[in-house]
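J.: Need coordinates for the following:
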Amino acid sequence: MRPTPAPVPPPETEIQPPGVPGLSGLLTLAVAVVVLAALYVGQDVFLPVVLAILLAFVLAPFVDMMRKWHMGRVPAVIIAVLVALGIILSLGTTIGFQVAGLASDIPRYQTTIESKVGSLREGTLGKLPALLKDFGRRFDKAVAEPPPEQQAPASSSAPAPPAAEESGPLPVEVHEPEPTPAQMARDLLLPLLEPLATTGIVFVVLVFILMQREDLRDRMIRLFGASDLHRTTAAMDDAARRLSRYFLTQLALNAAFGVVAAIGLWLIGVPSPILWGVFAALMRFVPYIGSFVAALPPILLAAAVDPGWSMALMTLALFLIGEPLMGHVVEPIVYGQSTGLSPFAVVISAIFWTWLWGPVGLLIATPLTLCLVVLGRHVERLEFLDVLLGDRPALTPAENLYQRMLAGDPDEALESAELLLKERSLTSYYDEVALRGLQLAANDATRGVLTKLQLEQVKDVIRALVQDLGSHDDVEPHPHETKDEPVAAPASEKPANKEPAVTQPMPPESNIPEAWRAEGAILCVAGRGPLDEAASEMLAQLLSKHGLGTRVIPHSAVSRREIFNLDMSGVQMVCISYLEISGTPAHLRYLLRRLKQKAKAPTLVGLWPAEDAILKSETMRATLGANYYVSSLREAVVQGLKVATGEEKLPEPANTSAAEEATAAKRLPLPA
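T.: Next up, the predicted model:
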């Protein structure tokens, strides 16, 4: 029997592919397919409900305002719904009269249209088809005609006489009987029944939504966030309030654009200006192409009414000036910096909802997609909607930096860092972005998913990044005023995404003694992790920017064999950096002991993961014997400056007897 060969390990540059999707992934896909099919098949049911929800967001502030006037919920809801219904019916009636008047005036414009078409035909544009046809005929003749030497002699036979014309079929006319009054009523009312029924369903659902808003909110909380009622309730209330304000603002801006367009068209002299104003207001709900579609009918009508071209050109200028002013000046001022949707999501949502629900879906695509994004931002289970459709970056700055490290692209890493440094200090960038990116890399290296090549790329990128940022001063940039996003939490409620360079005022550099300014005054020692040296280089750079002399050495230089060759003359302080400490910190305790035996200098241990157990355990800290423990580069810089300037008296590390030290060591976990 032949022995089974051992499995061949994969190459170092190869990462094992992910496994086959499990049952939960297949169930999610099945649920998505079922929901999509239900939305498509149940259009007549879901469309009125969606329209009612969007209209409820618009009317909710009006209902709340009347409730503040000590009006009951039922009267407030009824008044709001009646006002909305009155506005819609008034607009519908006005549009009907405008369309009827325009239809009756169309024969009067026929002469102008025919004269313009005739002038176009007589001009160069009209001769263009004939010129193209003649050119094509000559080209075909030149290609099909044989050379002169191959041409056969012309035939002398006389042409055949033309055939006698055949008699055509006799014309037949079919006359339908005059429609009866019942048929006329049916032909008139049947097309109106479906829109009227949909409108009735929308307003019935709207009344129930406005009446039971709190109950519907509680049911949503029960479905998506029952584990944290306080936070979910606050998030849902804030999301509903901001969506209401956004939709109401959008409706007001679009209506204002329609009013301006109607007044402009009336001044120009275009017939039915109210009709085109309402059409322009509705089309502005359609992203990107809505305004162009709204401008086309009045331009064509102006060309048909005016014998010249001045009216059409003025109408074109009205939309070419009005739309950029509204879209690029007024809306950014009113909405703020962002509407919450990525441009790609706007286009895709317009295509998707138009395919699903037709023209009505195109009108409500942006508001409906915005609702989904807000749900994704406030409901954890629906976060994928915010990732897919929102305008916020999919990766955090730390994740983006780690991705650039894996790709071996220092230029893009530097470009991203320079953008972030416009809003924060260098210390904040290193603490909040660079160290966290290094921690992601260190975690992957510990799990064994990074190849040697990828680990070297990470080291090269972070080394190049720190070197390139050496010319950047560690100062806090001027604060910029930020506006609230209409669909996210206000800036005052958001967690702080950056901190100042230091929490205390910096001591003046003149107070730093010369011994601390000398090169190597602070010895920055790297931990034994593969990326700890990069963290030490960051700390050394920050310390040097604040007037302290530094020197970085690798972990191998303080090993038991090499530490006797280490020159520690002039060292005033020792800083040890660790991105992670796996297993027992016994090696750190012995390292500190060797350093104290080599030089009588205070020691600072930087454990950059703030949740490390050593930072929480007084027993572990007493056992290790360092003077200071910090969890951020900012704390390390401040602590070093305080010790250098004498602001803080140097504490002695906790002295433990041999028995106490042995007892504490027993409490520590054994190495893995």
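J.: wait, doesn't Pro530 sit right on Asp444?
T.: No. With contact defined as CB atoms under 8 Å, Pro530 does not count as touching Asp444 (10.7 Å). Backbone N, C-alpha and C define where each C-beta goes, glycine included.
J.: neighbour-wise, which of the two wins?
T.: The residue with more neighbours, out of Pro530 and Asp444, is Pro530; 20 against 16, by other CB atoms under 10 Å.
J.: Name the SS class of that one, please.
T.: Here Pro530 takes the coil state, with states given by DSSP: H, G, I helix; E, B strand; the rest coil.
J.: if I look at it, how far off is Val270?
T.: 72 Å (CB to CB, to the nearest Å).
J.: how near is Leu300 to Ile106?
T.: For Leu300 relative to Ile106 (CB to CB), the value is 12 Å.
J.: Report the contact partners of the closest residue in space to Val207 that isn't next to it in sequence.
T.: Leaving aside its sequence neighbours, Val207 sits nearest to Val81 (CB to CB, 6 or more residues apart in numbering; 5.7 Å). Listed by CB atoms under 8 Å, 6 or more residues apart in numbering, the contact partners of Val81 are Leu59, Phe203, Leu206, Val207, Leu210.
J.: can you check Ile563 too?
T.: Ala557, Arg594, Leu595, Lys598.
J.: Which helix in the protein has the most residues?
T.: Longest helix of the chain, by residue count under DSSP state H: helix 229-268.
J.: Return the set of buried residues in that one.
T.: 232, 235-236, 238-240, 242-248, 250-251, 253-254, 257-258, 260-262, 264-265, 268 (16 or more other CB atoms under 10 Å).
J.: The helix or strand that it is followed by packs against which elements?
T.: Counting by DSSP states H and E, the next helix or strand C-terminal to helix 229-268 is helix 273-283. Helix 273-283 is packed against helix 73-105, helix 229-268, helix 290-305, with contacts defined by 3 or more CB pairs under 8 Å, 6 or more residues apart in numbering; DSSP states H and E.
J.: how about JSON lines for those helices, with distance to Arg67 added?
T.: Shown next, in JSON lines, are those (distance: least, CB to CB, whole Å):
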{"stretch": "helix 73-105", "distance to Arg67": "5"}
{"stretch": "helix 229-268", "distance to Arg67": "14"}
{"stretch": "helix 290-305", "distance to Arg67": "35"}
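J.: Switch those over to CSV; also include mean pLDDT and distance to Leu455.
T.: Shown next, in CSV, are these (pLDDT from 0 to 100; distance: least, CB to CB, whole Å):
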stretch, mean pLDDT, distance to Leu455
helix 73-105, 86, 63
helix 229-268, 83, 39
helix 290-305, 86, 52
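J.: Point out the one among those that comes closest to Leu370.
T.: helix 229-268 (7.2 Å; CB to CB).
J.: what's the closest one packed up against?
T.: Using 3+ CB pairs under 8 Å, 6+ apart, helix 229-268 is in contact with helix 43-68, helix 213-224, helix 273-283, helix 290-305, helix 310-325, helix 331-335, helix 365-378.
J.: try it again with 7 Å
T.: helix 43-68, helix 213-224, helix 273-283, helix 310-325, helix 331-335, helix 365-378 (3 or more CB pairs under 7 Å, 6 or more residues apart in numbering; DSSP states H and E).
J.: Other residues contacting the second one?
T.: By that I understand helix 213-224. Helix 213-224 is contacted from outside by Ile209, Leu229, Thr232, Thr233, Met236, Val379, Arg381, Leu382, using CB atoms under 7 Å, 6 or more residues apart in numbering.
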